[in-house]
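Engineer: Show me the folded form of this:
(one chain, ligands or ions: 1)
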Amino acid sequence: MPIDPTQPYDDSNIFAKILREEIPSQKVYEDEWAYAFHDINPQASVHILVIPKGRYVSWDDFSEKASAEEIAGFVRAVGHVARDKGLVVRGYRAMANVGRNGGQEVPHLHVHIFGGQPLGPMIVGA
Ligand code: AMP
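Structural biologist: Numbering: from 1, shown residues only. Predicted coordinates:
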């Protein structure tokens, strides 16, 4: 079910539970600002999710309310993970779904990193 990105942050969401280590995840990277782990249902041979440690519902919420430090730390973490996984030379896709039209299902900002293969058109059917 798509989420409503205008709702307040809900601490019971699944990625909040991953950050609190209440449910397991396959960790890829962690620093002060971000946590990265393998997507449970990969859509490409590499499919990693990077989430901020702060309580942000979506890219919209984050881009409006996060501090400059949080934004820099998070964006650098996304770049670091892709670089560290050797995705840069062949290329990769970084994507954040927002709300209903974006198909966002978890109400904690996450950037998908897809790679390891040609990724095809940006929008299905395009
Ligand atoms: P989105 O549709 O952009 O909200 O993406 C949510 C993503 O979270 C999907 O790709 C799911 O496969 C992934 N996901 C959901 N639950 C988990 C989990 N427990 N561990 C890892 N990935 C998950």
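
Engineer: Please count neighbours and contacts with C-alpha atoms only from this point.
Structural biologist: Fine.

Engineer: List the buried residues for the longest helix along the chain?
Structural biologist: In the chain, assigned by DSSP state H, the helix with the most residues is helix 68-84. By neighbour count on 16 or more other CA atoms under 10 Å, the buried set for helix 68-84 is Glu70, Ile71, Gly73, Phe74, Val75, Ala77, Val78, Val81, Ala82.

Engineer: And the pLDDT at the fifth one?
Structural biologist: Okay, so that is Val75. At Val75, the model reports a pLDDT of 98.

Engineer: For the chain, just list every one of the helices.
Structural biologist: 14-19, 59-65, 68-84, 99-102.

Engineer: Select, out of those, the one closest to Tyr92.
Structural biologist: helix 68-84 (7.7 Å; CA to CA).

Engineer: packing partners for that closest one?
Structural biologist: strand 34-38, strand 46-52, strand 111-115 (3 or more CA pairs under 8 Å, 6 or more residues apart in numbering; DSSP states H and E).
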